[in-house]
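> need a 3D model of the following:
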Amino acid sequence: MTEVRPTAAAPTSLWERAEEVAAIERAVDALQADSACSGSLLVVRGEAGFGKTALLAETRRIAEARRCTVWSARGGETLRSVPFNVVRQLLQPALLSLMPEEAREYLGDWYDIAGPALGIAEPGERQADPQGVCDGLVAAVRRLARRDWPLVLLIDDAHWADQETLRWLAAFTERLDDLSVLVVVARRPGEATDESARLLDTVAAAAGSPLANLRELTPAATAGLTRATLGDHADAAFCREVWAVTAGNPYESVELLAKVQDSGIEPTEGSASELRELNRSARGTGLATRLEELGVDATRFAWAAAILGSDISVGLVARLATLKPDKATHCADLLSNARILTGVATRETDDELEFVHPLIATAVYDSIPDALRTAMHGIAAQLVTDSGLGAAAASRHLLKVHPDEDRELVEQLREAAREHLLVGAPDAARRCLERALLEPPAPEVHASVLFELGCATLLTAPATTVGHLQSALAMPGLEGHARVDAVFRLSQALLHNNQLDEAVRTVETEAALYDEGPAKLRLQAVQCMWESLHAGESAIPGRSERLAELARTCTGRDNSERALLMLRGFDAMTRGESAEEVVELCDRSLVNGRLAPGLGWTDTEWGLELLLMLANAYAFTDRLDRADALYTEALRTYESAGWSGGHLALAHAYVGVGHRRRGRLREAETSLRESLRLAERVGRGLPLYWSATCNLVDTLLARGHVDEAWSIADQYAFAPPYPSTIVLPDPRSVRGRLLLAVGRTQEGINELDAAEKAAAVRGHHNPVLVPWAVDLARALAVEDPVRAAQLATDVRRHAERLGTDTAIGEALRCAAALETGQRAVRLAAQAVAYLEASPCQYEHAAARVEYGILARSVAELNRGLALARSCGADGLVAQAREVLDTGRGLR
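Residues are numbered from 1 along each chain as shown. As a prediction, the model looks like this:
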């Protein structure tokens, strides 16, 4: 492990850093004083050589003097492709102090999720979810930090940290409010690019303002440093030249003065002219010359150390440089005396080395002739592989080897990609597979490599995935099940890339190439699935009829038939067909009442969309017990598997749907807010984002929190244009209800009119799923009573066709709202009777309150009030309370 410890030069490296040191002392004192205090984050920025490492070394000294625990790590320029490299370094002291059983106990449920990324547990058989692994690492560090309080975390050269570590660091530093820990991050400005730069900006934002943007030394400070090093007799002209030659760079100043001492140069104006050449020898071609002067063996040793980059032991360097042990030890001494390498005390060995400064490591690496550098990476990869560390550990070297049609190298990179995916590092897997394509692969495996690359980038770069998978399918090599799977993955990528029409055409075209059989049936089922998600049917006439014909003879004998039964059940539910028939179709798709093997929530052959259709078919036909069981199973499965991205967001959203349908409005709001939080991390505009927002607005309206519902809609752009995929319940209906609630009546009527047209095009006539007609009828009751009455009649007809207590009860509530006198009372009483038998308690509460008002019954109002309170329907509570408090005309 790399430790940022003070060196002999540290005090002189801290010239003009008193303000920064004082800020660090204050932060450490605050940490050490109170275990309940909030955490703090300090970010130090400065160019190479400006003293960041020295400042972190001083932080360690200060913290350890105050009996704090210190963990530290450092990014490496040649190690950025190694996933979790820096966070593994950081946690090494804590992990080494734990027995395996203790580690499992401390990390709890996160052990199997974060453990493989940290190298303390074997990965599972499934691809890990990157967001889940990141969350697991955050949880792991938080738990260990509480154990080791007061804890200081030091991360040097963060601009060279791997993306996986930066993703963890960004998430961790956003959650320091309730964790007493001090985090100090040092980085160069402008060095990182793309995603790494964005993540570092997130870290900087969490810190508020940086501790310091370190500056070069002033001429006065350089003169003080020169005289402190060489003696007070160093004259002014010599000191000025030191500053001019080094441009005030603290590291270069310290190194130059050390060379002045070694060379015996007098610090006078007469020898000042020698400084520029002396400084040049410390870097670039000058450093290469210094290495040559140390001899061929020392040069080879330094080159091998630069290739390895980390975990530089004398023994491993000797093997890479083909040096005998005694010769290697001698070279290490020479390079140490020349201030190129330095020893690092570790828990495991006393001969680990590192470069004195990253600038030297970079210069040595760059000085290796290109062809030799490539060859040495190849040898290093073999050494790593031979040591049993696996293909993933060797992959950073394999990435540097020149393409040479090496089939074995292609297989090593494919294996490395698989290992990376299992620990939650898809970016690292992508790099390996992209490099494998450059080799290039043999013709018979080329398509398979493209397919694997497409799968690795599916969730992170769907547009790129489309290209890879289309190329794979256009060449020979993918046959049978593999080809069908590739077509399915391609259609998924097109869906995620908002190209649903193309996804449907792709599957339809492929299905036409097959004779009747399992492959064709699966493709037909996939086609039907994407068509079912389509928000408009104008481009796919006859879809429901084709689906009904395909499902007519299905008995559920395999997963393709089960999928078709689920799809047919979902379609029948959206169209408002008999609920009993819908449930019978859905039940036939199960095996002994459970999902069949291969159709689980984490199985990739079909995806979660199909299972959500099944659960929603139950939910909107009043079979909430079965829907809740599926929603809850999804949530538990994703949590235990560590999938905390889009899958978990959708699971929380539909658990919220289950609560909303049952009338547990507080619980629904909690689940939906969590879903929206997770969806924000995945990205706005995606279907899952719409699901969370739409259902949260719907729930807040049910609770009577109209202003909050409007605020959520405004904040999260819950407005046209709507997504190309179906969202449940219908977003136009929900937005129309919202507009009516805030008093924008005509806009609300227009939105509900649009919902009516869209539902007619799709053939969606389930009045619970697409409730536009109920709200529109109420809104038009005064302005257009004839149309309102016709709408109420249509709602009743569709409700009776569906046949659920909820649908019929809601239709009767609507009819009662349009009537007066005893007819209104009778209709309201009938609504109560149906909704009392329904599992939807909010609707029951609303019907009770409405009936109590119409019947002027204190008893019914009190029953409705009790129900409304249990549901968390604050608006209904206020309505009932107001009528009861006035008491006028009540019996």
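> quick one, what contacts the spatially most central residue of the chain?
The centre of the chain sits closest to residue 131, judged by CA atoms, centre = their mean, with a distance of 3.4 Å. Under the criterion of CB atoms under 8 Å, 6 or more residues apart in numbering, the neighbours of residue 131 are 643-645, 648, 681-682. Where C-beta positions appear, they are placed from N, C-alpha and C, glycine not excepted.
> spit out the contact partners of residue 234.
Per CB under 8 Å, 6+ apart, neighbours of residue 234: 223, 226-227, 267-268.
> please spell out which residues along stretch 304-319 are buried.
Within stretch 304-319, the residues scored as buried using 16 or more other CB atoms under 10 Å are 304-310, 312-314, 316-319.
> with pLDDT and distance to residue 769 as added columns, please give these in CSV.
CSV is the format used below for the buried residues of stretch 304-319 (pLDDT from 0 to 100; distance: CB to CB, whole Å):
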residue, pLDDT, distance to residue 769
304, 94, 67
305, 93, 66
306, 92, 64
307, 93, 62
308, 90, 61
309, 86, 58
310, 79, 57
312, 85, 63
313, 86, 65
314, 89, 70
316, 88, 64
317, 91, 67
318, 92, 71
319, 92, 67
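> from those, pick the one nearest residue 848.
Comparing the buried residues of stretch 304-319 against residue 848 with CB to CB places residue 310 closest, at 68.9 Å.
> between the contacts of residue 131, which is closest to residue 57?
residue 681 (35.4 Å).
> where does the closest one land on pLDDT?
With respect to pLDDT, residue 681 has a value of 80.
> wait, it sits on residue 645?
Yes - the criterion here is CB atoms under 8 Å, and residue 681 meets it with residue 645 at 7.2 Å.
> between these two, which one's more packed in?
residue 645 (21 against 15; other CB atoms under 10 Å).
> before we move on, what SS does the spatially most distant residue from the centre of the chain have?
For the chain, the largest distance from the centre (CA atoms, centre = their mean) belongs to residue 270, which lies 61.7 Å off. The three-state label given to residue 270 by DSSP: H, G, I helix; E, B strand; the rest coil is helix.
> residues in contact with residue 858?
So residue 858 contacts 852, 884, 890-891 (CB under 8 Å, 6+ apart).
> so residue 196 sits against residue 164, correct?
No - contact criterion CB under 8 Å: residue 196 and residue 164 do not qualify, at 10.6 Å.
> between these two, which has more neighbouring residues?
residue 164 (27 against 21).
> so who does the more buried one touch?
Residue 164 touches 83-84, 87, 117, 130, 133-134, 424-425, 427-428, counting by CB under 8 Å, 6+ apart.
> kindly report the same for residue 31.
Neighbour list for residue 31: 37, 40, 68, 150, 152, 180-182 [criterion: CB under 8 Å, 6+ apart].
> nearest to residue 836 among those residues?
residue 180 (53.0 Å).
> residues near the closest one, how many?
21.
> show me the contacts for it.
Here residue 180 is in contact with 31, 34-39, 145, 149-150 (CB under 8 Å, 6+ apart).
> which one among the buried residues of stretch 304-319 gets closest to residue 846?
Nearest to residue 846 among the buried residues of stretch 304-319: residue 310, at 64.5 Å, using CB to CB.
> report the secondary structure state of that closest one.
Residue 310 ends up coil, using three-state DSSP.
> wait, doesn't it sit right on residue 75?
No - using CB under 8 Å, residue 310 is not in contact with residue 75, being 10.1 Å away.
> for the stretch 201-350 of the chain, what spans make up the strands?
Per DSSP state E, counting those that start in this stretch, the stretch 201-350 of the chain carries strands over the ranges 212-213, 312-313, 341-344.
> compare those and report which one is nearest to residue 724.
Short answer: strand 212-213, nearest of the strands of the stretch 201-350 of the chain by CB to CB, at 46.6 Å.
> state the mean pLDDT of that closest one.
79.
> name the strands paired with that strand and say parallel or antiparallel.
strand 40-45 (parallel) (DSSP bridges).
> after the strand it pairs with, next one along is what?
On the C-terminal side of strand 40-45, the closest following helix or strand by DSSP states H and E is helix 52-65.
> picking up where we left off before, most neighbours out of the contacts of residue 858, which is it?
residue 852 (24 neighbours).
> rewinding a little: secondary structure and distance to residue 840 added to the contacts of residue 180, as JSON lines?
Formatted as JSON lines, the contacts of residue 180 follow (DSSP: H, G, I helix; E, B strand; the rest coil; distance: CB to CB, whole Å):
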{"residue": "31", "secondary structure": "helix", "distance to residue 840": "52"}
{"residue": "34", "secondary structure": "coil", "distance to residue 840": "50"}
{"residue": "35", "secondary structure": "coil", "distance to residue 840": "48"}
{"residue": "36", "secondary structure": "coil", "distance to residue 840": "45"}
{"residue": "37", "secondary structure": "coil", "distance to residue 840": "47"}
{"residue": "38", "secondary structure": "coil", "distance to residue 840": "43"}
{"residue": "39", "secondary structure": "coil", "distance to residue 840": "45"}
{"residue": "145", "secondary structure": "helix", "distance to residue 840": "45"}
{"residue": "149", "secondary structure": "coil", "distance to residue 840": "49"}
{"residue": "150", "secondary structure": "coil", "distance to residue 840": "53"}
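> which of these are buried? Put it as a PyMOL command.
Per 16+ other CB under 10 Å, the buried members of the contacts of residue 180 correspond to this PyMOL selection:
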select buried, resi 31+39+145+150
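> pick the one among the contacts of residue 180 closest to residue 49.
Among the contacts of residue 180, and counting by CB to CB, the member closest to residue 49 is residue 31, at 28.9 Å.
> tell me the secondary structure for residue 556?
Classified using three-state DSSP, residue 556 is coil.
> pLDDT score for the residue lying closest to residue 595 once chain neighbours are set aside?
Spatial nearest neighbour of residue 595, excluding adjacent residues (CB to CB, 6 or more residues apart in numbering): residue 611 at 6.9 Å. Here, the pLDDT recorded for residue 611 equals 96.
> host element of residue 611?
helix 608-619.
> which positions in stretch 21-33 come out as buried?
24-25, 27-28, 31-32.
> ok, now stretch 192-212?
Quick answer for stretch 192-212 (16+ other CB under 10 Å): 192, 196, 199-200, 202-204, 206-207, 210-212.
> likewise for stretch 772-783?
For stretch 772-783, by 16+ other CB under 10 Å, it's 772-781.
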